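> predicted model, plus sequence, below.
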Amino acid sequence: MTQRYVLAIDQGTTSTRCILFDQRARLAGVAQREHHQYYPRPGWVEQDAAEIWRNLERILPRALNESGITADEVAALGIANQRETTVVWDRRTGVPIGRAIVWQDTRTEDLVREFESAPGADRIRQLCGLPLATYFAAPRLRWLLDANPGLRERAERGEVLFGTMETWLIWNLTGGVDGGLHVTDVTNASRTLLMNLATLSWDGELLRFFGIPAAMLPRIQPSTASYGATTRVVPGMRIAAALGDQHAALFGQTCFARGETKCTYGTGGFLMMNTGSELVQSEHGLLTTIGYQIDREPVYALEGPIAVTGSLVQWIRDNIGLVASAPEIETLARTVEDNGGCYIVPAFSGLYAPHWRSDARGVVVGLTSYITKGHLARAVLEATAWQTRDVVDAMNADSGLQARSLRVDGGMTSDNLLMQIVSDVLDIPVLRPFVSETVSLGAAYAAGLAVGYWPDLEGLRRNWRVAAQWLPRMDPGYRADEYENWSRAVQLSFGWLRARRGSGAQTRA
């Protein structure tokens with residue numbers, strides 16, 4: 001019998017990857033290509049959607065060719081993608097309308113403030129589970145419609161299309177201007193501020209509030225569904241799943257039971273807790289979202305995004321020069337036994353969950369002449385751990401559940417000291433699986449499940465194995481004191497962003 005595989009496309013913030021998995025979730029082939037990031041103004045972050053598509057055209061055949069696998073050996077294809085990044089393109093030509101606006105972009109701050117004072121703003125979270133914030137797609141889409149003369153009229157006629165990155169790639173893979181399918185999945189749709197969490201459809205009230213024409217929106221489908229077959233690049237492959245990257249990681253970590261929780265540590269940190277069939281409206285600063293949807297039944301989740309985790313290490317390396325490479329931060333932090341009373345709150349562009357303070361800015365507190373670079377390195381790692389604690393505490397309070405362990409993935413999990421500190425401050429085990437590519441694996445799992453490549457969720461659970469485990473060993477009293485100190489430091493980060501008096505003026509106190 002011919003060996004078959006599942007192909008995952010992981011379209012991330014900095015690169016696009018194609019990874020092939022076999023039935024035991026082992027990597028059978030991989031190809032990757034980075035794309036450019038554009039920063040035309042402070043707070044603006046852009047990408048070229050056409051470049052991302054060209055990259056996929058190159059790496060998809062390469063992943064197959066270099067592993068000696070043919071298209072007819074691919075049982076299904078699944079896509080995971082950076083969420084909230086907003087693309088608008090011409091239906092007739094396939095050319096994007098300007099660059100894609102990335103999820104990190106904050107150009108819509110003024111627009112969001114206008115929305116906050118508009119009639120009906122108090123209904124937003126109730127309908128879609130999300131707060132009004134620059135983080136989500138709807139303000140970006142509205143900004144594009146306002147900034148490009150004539151674009152709104154074209155959108156109302158259905159001449160231009162909107163999508164997040166999975167929509168853009170599926171449209172191109174299934175024909176583009178020659179009949180490409182304009183679809184999205186519920187997880188990505190749930191990050192737009194435009195989808196009703198209860199009905200899983202575009203909400204008329206939300207569309208009117210943000211001023212978004214319905215004609216430009218993709219059709220919403222479950223995470224596992226028949227998205228059509230590829231007709232371009234490598235024709236004939238069945239697209240059977242699409243999920244936002246963090247939802248894919250939840251799926252790849254096999255967090256299929258209520259209360260199971262994962263965190264992906266990369267540039268930022270993304271925690272997600274499965275809350276089952278219950279739609280939990282957060283009262284503690286979290287996002288209510290769709291975890292995934294198989295067939296008709298959605299699985300809901302609470303999410304707590306952290307803006308800065310791995311990027312703090314990069315900043316310490318590149319801007320401050322404290323270390324020459326990221327792994328050195330662990331070595332340096334191990335030269336001391338504690339932080340020496342120093343705390344770093346990395347609110348470089350505000351704080352995300354659970355605080356949602358756009359006026360916050362980074363602070364270093366507790367400095368004395370005793371502090372060494374080892375203490376600073378330790379405080380860098382602890383900043384990620386304490387931010388994780390803030391979110392997990394909020395999840396436990398909102399859900400009425402208790403996270404019994406934390407499944408982790410992402411580049412920062414190679415830092416063993418950091419993982420130990422996370423376990424210590426959470427007072428629960430931290431588990432890292434053998435397969436670290438959980439975003440790609442989740443997309444593959446969902447696609448394989450849709451076509452019967454894997455029989456059921458329990459079959460996927462059997463593939464999950466622990467590669468490393470960290471158990472808490474911090475004294476409870478010390479933990480409580482340190483968390484109190486961290487919380488005080490967070491409070492000191494609030495209120496630093498102020499309106500300026502004029503050109504060159506100092507920020508008001």
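Great, that's in hand. Just so it is clear, the model here is predicted, and its values are computed rather than measured.

> need phi/psi at the residue sitting furthest away from the middle of the chain.
Most distant from the centre of the chain: Ser369, at 39.0 Å, with distances by C-alpha atoms, centre = their mean. Per-residue torsions, Ser369: phi -70, psi -10 (degrees, to the nearest 10).

> likewise Glu297?
Torsion angles, degrees, to the nearest 10, at Glu297: phi -90, psi 120.

> residues near it, how many?
9 (other C-beta atoms under 10 Å). From N, CA and C alone the C-beta is placed, and that goes for glycine too.

> how much space between the residue farthest from the centre of the chain and Thr388?
Per C-beta to C-beta, to the nearest Å, Ser369 is found 30 Å from Thr388.

> got it, and Gly120?
As judged by C-beta to C-beta, Gly120 and Thr388 stand 34 Å apart.

> so those two - more neighbours on which side?
Neighbour count, other C-beta under 10 Å: between Gly120 and Thr388, Thr388 has more, with 25 against 12.

> sorry, back to before: tell me how far the residue farthest from the centre of the chain lies from Arg99.
48 Å.

> now Asn148
Distance of Asn148 to Arg99, computed by C-beta to C-beta: 12 Å.

> so which of the two has more stuff around it?
Arg99 (19 against 15).

> that one contacts Ala50, doesn't it?
No: the pair Arg99 / Ala50 is not scored as a contact, 9.2 Å apart, by C-beta atoms under 8 Å.

> confirm that Pro305 sits in a helix.
No: counting by DSSP: H, G, I helix; E, B strand; the rest coil, one finds Pro305 to be strand, located in no helix.

> how about the contacts made by it?
By C-beta atoms under 8 Å, 6 or more residues apart in numbering, Pro305 lies in contact with Tyr135, Gly268, Gly269, Phe270, Leu271, Leu287, Tyr352, Ala353.

> what's the answer for Pro96, then?
Per C-beta under 8 Å, 6+ apart, neighbours of Pro96: Asp48, Ala49, Ala50, Val87, Val88, Trp89, Asp90.

> what helix or strand does the fourth one sit in?
If I follow you right, that is Val87. Using DSSP states H and E, Val87 sits within strand 87-90.

> counting by contacts, list what the next helix or strand after that strand packs against.
Downstream of strand 87-90, the next assigned helix or strand under DSSP H and E is strand 100-101. Applying 3 or more C-beta pairs under 8 Å, 6 or more residues apart in numbering; DSSP states H and E, we find strand 100-101 packed against strand 46-47, helix 137-147.

> for Pro455, which of these is the nearest?
When the helices and strands packed on strand 100-101 are compared by C-beta to C-beta, helix 137-147 sits nearest Pro455, at 35.1 Å.

> what is the mean pLDDT for that closest one?
Averaged across helix 137-147, pLDDT comes to 96.

> repeat that for stretch 231-246.
94.

> measure that stretch end to end?
End-to-end span of stretch 231-246 (C-alpha to C-alpha, to the nearest Å): 28 Å.

> report the distance from it to the chain centre.
19 Å (C-alpha atoms, centre = their mean, to the nearest Å).

> try stretch 435-442
Counting by C-alpha atoms, centre = their mean, stretch 435-442 is centred 14 Å from the centre of its parent chain.

> how about that stretch as PDB, C-alpha atoms only?
Extracted in PDB, the C-alpha atoms of stretch 435-442 (Å, rounded to 0.1, in the frame of the first residue of the first chain):
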ATOM      1  CA  VAL A 435       6.600  17.500  17.900                       C
ATOM      2  CA  SER A 436       7.300  21.200  18.500                       C
ATOM      3  CA  GLU A 437       5.600  22.300  15.200                       C
ATOM      4  CA  THR A 438       2.200  22.300  16.800                       C
ATOM      5  CA  VAL A 439       0.700  25.000  14.500                       C
ATOM      6  CA  SER A 440       1.500  23.100  11.400                       C
ATOM      7  CA  LEU A 441       0.600  19.800  13.100                       C
ATOM      8  CA  GLY A 442      -2.800  21.200  14.100                       C
END
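
> shaky segments in the stretch 101-250 of the chain?
Across the stretch 101-250 of the chain, nothing is flagged by pLDDT under 70.

> quick one: the strands in it?
160-163, 183-185, 195-196, 201-202, 219-221, 239-244 (DSSP state E, counting those that start in this stretch).

> burial measure for Ile344, as a count.
Residues near Ile344, counting by other C-beta under 10 Å, number 26.

> go ahead and confirm it touches Trp315.
No: between Ile344 and Trp315 there is no contact under C-beta under 8 Å: 10.1 Å.

> quick one: the strands in the stretch 351-500 of the chain?
363-365, 406-409, 430-433, 466-470.

> nearest to Asn196, out of those strands?
With C-beta to C-beta as the measure, strand 406-409 is the member of the strands of the stretch 351-500 of the chain nearest Asn196 (29.7 Å).

> describe which strands that closest one pairs with in its sheet and in which direction.
strand 261-265 (parallel), strand 430-433 (parallel) (DSSP bridges).

> enumerate every residue touching the residue most central in space within the chain.
The chain has Gln246 as the residue nearest its centroid, 4.8 Å off, counting by C-alpha atoms, centre = their mean. Residues in contact with Gln246 (C-beta under 8 Å, 6+ apart) are Arg83, Thr264, Phe270, Met272, Glu303, Val439.

> from Ala301, how far out is it?
Per C-beta to C-beta, Gln246 is found 9 Å from Ala301.

> overlap in contacts, the two.
Joint contacts of Gln246 and Ala301 (C-beta under 8 Å, 6+ apart) are Met272.

> wait, Thr167 sits on His182?
Yes: the criterion here is C-beta under 8 Å, and Thr167 meets it with His182 at 6.8 Å.

> which of these two has more neighbours?
Thr167 (27 against 18).

> ok, that one - contacts?
Here Thr167 is in contact with Val87, Leu161, His182, Val183, Thr184, Asn188, Pro218 (criterion: C-beta under 8 Å, 6+ apart).

> swap in Tyr453?
Contacts of Tyr453 (C-beta under 8 Å, 6+ apart): Arg4, Val6, Gln23, Ala75, Ala76, Ala447.

> just the buried ones among these, please.
Arg4, Val6, Ala75, Ala76, Ala447 (16 or more other C-beta atoms under 10 Å).

> which one of those sits closest to Leu206?
So of these, ranked by how close each gets to Leu206 (C-beta to C-beta), first place is Ala447, at 29.5 Å.

> count residues in the vicinity of the residue lying closest to Ser358 once chain neighbours are set aside, would you?
Nearest non-adjacent residue to Ser358, counting by C-beta to C-beta, 6 or more residues apart in numbering: Gly350, 4.0 Å away. Residues within reach of Gly350, counting by other C-beta under 10 Å, total 24.

> pLDDT score assigned to Asp415?
Confidence score, pLDDT, at Asp415: 94.

> thinking again about what came up before, over to the residue nearest to Ser358: give its phi and psi.
phi 90, psi 180.

> contacts only, for it.
Ala307, Trp356, Arg357, Ser358, Asp359, Ala360, Arg361, Leu497.

> my read: the fourth one touches Arg113, true?
Right, Ser358. No: using C-beta under 8 Å, Ser358 is not in contact with Arg113; the gap is 9.3 Å.

> more neighbours: these two, which one.
Set Ser358 next to Arg113 and count neighbours by other C-beta under 10 Å: Ser358 wins out with 19 against 13.

> backbone dihedrals for the more buried one, please?
According to degrees, to the nearest 10, Ser358 has phi -70, psi -20.
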